[in-house]
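A.B. asks: 3D, please:
(one chain, ligands or ions: 1)
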Amino acid sequence: MKIGNIKLRSRVFAAPMAGIMDLSMRILATEFGAGLVFTELISAEGIVRGQQRTTRYITCHPDEMPLGVQIFGKNPHTMAPAAEKAQNLGASLIDINMGCPVKKVARQGAGASLMKDPDLAKTIIAEVRRAVTIPVTVKIRAGWDESSINFVEVGKMIEDAGADAVTLHPRVATDFLSGMANWERIGELARALSIPVIGSGDIQSYSEALERLEESGAEFVMIGRAVMGKPWIFMPEWEPRTDEILSVIKRHIGLLTLQYGEVNAVPIIRRHVSYYIKAKRGAVETRRKLMEMKDINEIVRHVQEYISG
Ligand SMILES: Cc1cc2nc3c(=O)[nH]c(=O)nc-3n(C[C@H](O)[C@H](O)[C@H](O)COP(=O)(O)O)c2cc1C
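C.D. replies: Model (predicted):
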């Protein structure tokens with residue numbers, strides 16, 4: 001189980017998710033056994049300019065290792081030094097974002113827009129490859145839209161450009177997250193490439209992750225949305241009891257408090273804790289009350305009552 005020269009302890013990874021997979025979530029996912037965790041997409045321009053707001057995303061904390069730092073941009077001369085800087089800060093791996101469909105990213109020619117410009121994408125990947133010694137991976141979509149599906153062609157280009165693995169989220173960019181992820185496409189890519197393929201899309205549990213690995217022939221898979229409020233998803237066959245869930249929430253709150261300080265952490269804690277409150281009667285009301293709370297102890301008591309009730 002390797003990508004490039006890094007050994008991985010599990011074939012199930014935590015997917016990059018902007019605004020969700022922050023340091024606290026990455027530490028929890030690592031503690032619960034995720035093989036690899038990723039930062040959210042980070043602007044290569046911001047990294048190169050040394051913008052504090054940007055570089056603080058590259059935490060590289062010892063408890064979140066191995067860590068993939070995901071960068072986005074469209075300029076090879078910015079992407080390469082950004083990758084080098086991330087390596088110097090302690091990244092285990094560089095992941096190039098070619099899948100983000102969000103306007104702010106795609107409109108500037110970065111993210112999923114690169115699916116429409118494989119020549120530029122190849123230059124970016126080759127330059128990043130040259131700039132670092134750690135593994136380089138690329139995360140793609142099936143294509144820009146249904147009329148331009150090109151993941152096999154782009155996957156082969158990525159392999160030729162020297163990348164160590166490709167992640168495929170098999171929706172087209174214009175679909176964002178709607179519909180179902182087509183895992184047949186992941187199987188097709190795995191058969192077409194010699195480097196490892198990482199499959200991403202709609203996995204709900206650890207056992208489903210194993211089924212997807214088996215069926216698709218992908219070497220690795222990642223779990224995204226199902227990690228929210230369930231960071232233990234990387235543990236095989238563990239259904240936590242109520243008291244165990246509460247311990248995880250308290251640990252999560254502790255990590256956020258350490259990271260942001262007691263006052264600044266409160267709104268971030270409210271958001272993260274709300275992910276644990278779902279699929280149960282009274283969830284809407286509990287979440288509404290939670291959003292008004294200004295004190296960490298009050299939040300803990302409130303969640304405790306909800307979970308035990
Ligand atoms: C809120 C949110 C933020 C995301 N941010 C990123 C990101 O920063 N970089 C990226 O490559 N993918 C991002 N994704 C896509 C996920 O990594 C993943 O490929 C997708 O959600 C499908 O997997 P899932 O069904 O397991 O969530 C994001 C998805 C969501 C829902």
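
A.B. asks: so who does whichever residue of the stretch 201-309 of the chain sits closest to the ligand touch?
C.D. replies: For the stretch 201-309 of the chain and the ligand, the shortest gap (Cβ to the nearest ligand atom) falls at residue 224, measuring 2.6 Å. Bear in mind the C-beta positions are built from the backbone N, C-alpha and C, glycine included. Going by Cβ atoms under 8 Å, 6 or more residues apart in numbering, residue 224 touches 14, 15, 17, 200, 201, 203.

A.B. asks: roughly how far apart are it and residue 46?
C.D. replies: From residue 224 over to residue 46 the distance is 23 Å, taken as Cβ to Cβ, to the nearest Å.

A.B. asks: ok, now residue 113?
C.D. replies: Distance of residue 113 to residue 46, computed by Cβ to Cβ: 18 Å.

A.B. asks: Which other helices and strands does the helix or strand containing residue 300 contact?
C.D. replies: If you go by DSSP states H and E, residue 300 is part of helix 296-308. Using 3 or more Cβ pairs under 8 Å, 6 or more residues apart in numbering; DSSP states H and E, the elements in contact with helix 296-308 are helix 242-260, helix 262-276, helix 283-290.

A.B. asks: got the ones you listed as CSV, with mean neighbour count columns?
C.D. replies: Formatted as CSV, the helices and strands packed on helix 296-308 follow (neighbours: other Cβ atoms under 10 Å):
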stretch, mean neighbour count
helix 242-260, 17
helix 262-276, 18
helix 283-290, 14
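
A.B. asks: interface residues of the stretch 1-150 of the chain facing the ligand?
C.D. replies: By the rule Cβ under 6 Å from any ligand atom, the part of the stretch 1-150 of the chain lying against the ligand is 15-20, 40-41, 70, 97, 99-100, 139.

A.B. asks: Now the buried members of those.
C.D. replies: Neighbour-count burial (16 or more other Cβ atoms under 10 Å) applied to those gives 15, 16, 17, 20, 40, 41, 70, 97, 99, 100, 139.

A.B. asks: what's around residue 110, how many residues?
C.D. replies: Residue 110 sits with 25 neighbouring residues when counted by other Cβ atoms under 10 Å.

A.B. asks: Please apply the same query to the one 10 residues further on.
C.D. replies: As a burial measure, residue 120 scores 15 neighbours (other Cβ under 10 Å).

A.B. asks: thinking again about what came up before, give me the buried positions along the helix holding residue 300.
C.D. replies: 296, 299, 300, 302, 303, 306, 307.

A.B. asks: Kindly report the same for stretch 117-129.
C.D. replies: Buried residues in stretch 117-129, defined by neighbour count with 16+ other Cβ under 10 Å: 118, 121, 122, 123, 124, 125, 126, 127, 128, 129.

A.B. asks: for the stretch 51-200 of the chain, what spans make up the strands?
C.D. replies: Secondary structure of the stretch 51-200 of the chain (DSSP state E, counting those that start in this stretch): strands located at 67-72, 93-98, 136-141, 165-169, 197-200.

A.B. asks: Now the fourth one: buried residues?
C.D. replies: Right, strand 165-169. Neighbour counts over strand 165-169 (16+ other Cβ under 10 Å) mark 165, 166, 167, 168, 169 as buried.
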